[in-house]
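In: Just need the structure, nothing else, for what follows:
(one chain, ligands or ions: 1)
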Amino acid sequence: MKKFIGLAVAGALLVAMTGCASGGSGGDGAGSGGDGDLVVGFSQVGAESGWRTANTKDIQRAFKDAGIELKFSDAQGKQENQIKAIRSYIQQQVDVIAFSPVVESGWDTVLNEAKDAGIPVVLTDRSVDSKDDSLYESFLGSDFIAEGEKAGEWIKTEYADADTVKIVELQGTTGAAPANDRAKGLRDAFGDDAKYDIIASQTGDFTRAGGKQVMEAFLKSNPEIDLVYAHNDDMGLGAIEAIEAAGKTPGTDIKIVTVDAVHDGMQALADGKINFIVECSPLLGDQLVDIAQKVAAGETVEKRIVTEETTFTADQAKEALPDRQY
Ligand code: GYE
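Out: Numbers count the residues shown, from 1 in each chain. As a prediction, this is how the structure comes out:
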């Protein structure tokens, strides 16, 4: 009994000396060392798309491989659920909080709470529009404006000889960084050239069902559509169903450009139903582990880490498909 009390006192002293047992920016300084002590809380957007599923799998795999405990929560597309999850991670005094914000705005309060608790925050995949960039250590993810521009550049080349191009746009989740930026990138590429006419634009919420439903409505109210620009593959795949149901041939009667390059999108590209895909990689797990380890150890990391990505035509999709991981 005496021995047990002695141990408990020694343990309490150790905790007092090092600040706190598992929380705080001191990371795994609580004693036994190694990543076995590190606890990371991650709040995911949801499971809206093939991209998201691949992203979740990769993150869970990477933390497992690194032997780091990952507390994972799915916000089911709702910002309020993410805020709740972040608050719960603060309460649990995790070492690092990482999250992929559903929308860009409205984060300052909860991020200040994390900052006050001394818990470093890493943004993954999507960013926030906070003016105060001391609220997070790093933002790891794609350049969504560049993705929109790449789509626009392909359209410009493809329609170089046309007089006018009638475009409908299936936007991602309203207020989400990739929806805002992919819309902007496309328009940036077109500049003030009136030839590129975006005749309709609406959110399909990054889902296949949403893309299909919105495309059905677009087809009813617009007899002439040259091209669909979908902010992700899933909405493009939904649009294919709507176009086929309307008796038209996707990829020929109406061309389709999407973003992501997940397996089903690449297959549709190889099959000629989608015409061009701008890649957005969901494989962020290993980089996120690396950043989490560094910030937990109090090291500074790059404020912005951009994922490297490419684009695919049908031939390139055929070549890439056999080795595609997702
Ligand atoms: O493109 C889309 C997903 O934030 C980059 O979210 C991500 C986007 C991705 O639902 O498919």
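In: The ligand contacts on this protein?
Out: 48-49, 51-52, 125-126, 178, 206, 232, 234, 259-260, 280 (C-beta under 6 Å from any ligand atom). (Each C-beta comes from the backbone N, C-alpha and C, glycine too.)
In: could you show me where the strands are in the chain, in order?
Out: Counting by DSSP state E, the chain has strands at residues 39-44, 69-74, 96-99, 121-124, 138-141, 165-171, 196-203, 227-230, 255-260, 276-279, 304-306, 311-312.
In: Same list (those) but as JSON lines, adding mean neighbour count and mean pLDDT.
Out: JSON lines is the format used below for the strands of the chain (neighbours: other C-beta atoms under 10 Å; pLDDT from 0 to 100):
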{"stretch": "strand 39-44", "mean neighbour count": "24", "mean pLDDT": "98"}
{"stretch": "strand 69-74", "mean neighbour count": "17", "mean pLDDT": "98"}
{"stretch": "strand 96-99", "mean neighbour count": "28", "mean pLDDT": "98"}
{"stretch": "strand 121-124", "mean neighbour count": "24", "mean pLDDT": "98"}
{"stretch": "strand 138-141", "mean neighbour count": "23", "mean pLDDT": "98"}
{"stretch": "strand 165-171", "mean neighbour count": "23", "mean pLDDT": "98"}
{"stretch": "strand 196-203", "mean neighbour count": "16", "mean pLDDT": "98"}
{"stretch": "strand 227-230", "mean neighbour count": "27", "mean pLDDT": "99"}
{"stretch": "strand 255-260", "mean neighbour count": "27", "mean pLDDT": "98"}
{"stretch": "strand 276-279", "mean neighbour count": "26", "mean pLDDT": "98"}
{"stretch": "strand 304-306", "mean neighbour count": "14", "mean pLDDT": "97"}
{"stretch": "strand 311-312", "mean neighbour count": "20", "mean pLDDT": "98"}
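In: Need these in JSON lines (columns: distance to Glu158).
Out: Formatted as JSON lines, the strands of the chain follow (distance: least, C-beta to C-beta, whole Å):
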{"stretch": "strand 39-44", "distance to Glu158": "35"}
{"stretch": "strand 69-74", "distance to Glu158": "38"}
{"stretch": "strand 96-99", "distance to Glu158": "37"}
{"stretch": "strand 121-124", "distance to Glu158": "33"}
{"stretch": "strand 138-141", "distance to Glu158": "28"}
{"stretch": "strand 165-171", "distance to Glu158": "9"}
{"stretch": "strand 196-203", "distance to Glu158": "11"}
{"stretch": "strand 227-230", "distance to Glu158": "8"}
{"stretch": "strand 255-260", "distance to Glu158": "7"}
{"stretch": "strand 276-279", "distance to Glu158": "8"}
{"stretch": "strand 304-306", "distance to Glu158": "26"}
{"stretch": "strand 311-312", "distance to Glu158": "13"}
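In: Of those, which is nearest Asp323?
Out: Put simply, out of these the one that sits nearest Asp323 is strand 311-312, at 12.9 Å, with distance taken as C-beta to C-beta.
In: so what strands line up beside the closest one?
Out: On the basis of DSSP bridges, the sheet neighbours of strand 311-312 come out as strand 276-279 (antiparallel).
In: contacting residues around the strand it pairs with?
Out: Counting by C-beta atoms under 8 Å, 6 or more residues apart in numbering, strand 276-279 makes contact with 147, 150-151, 154, 158, 233, 257-261, 265-266, 269, 309-313, 317, all of which sit outside it.
In: May I have the phi/psi pair for Asp143?
Out: According to degrees, to the nearest 10, the main-chain angles of Asp143 amount to phi -90, psi 100.
In: Next one: it from the ligand, what distance?
Out: Applying C-beta to the nearest ligand atom, to the nearest Å, the value for Asp143 to the ligand is 11 Å.
In: what's the burial count for that residue?
Out: Taking other C-beta atoms under 10 Å as the criterion, the count of residues near Asp143 is 17.
In: who's in contact with it?
Out: 181, 306.
In: what about it, distance to Lys84?
Out: Using C-beta to C-beta, to the nearest Å, one gets 30 Å for the distance from Asp143 to Lys84.
In: I'd guessed Ala117 sits against Gln92; true?
Out: No - taking C-beta atoms under 8 Å as the contact criterion, Ala117 and Gln92 are not neighbours in contact, 10.4 Å apart.
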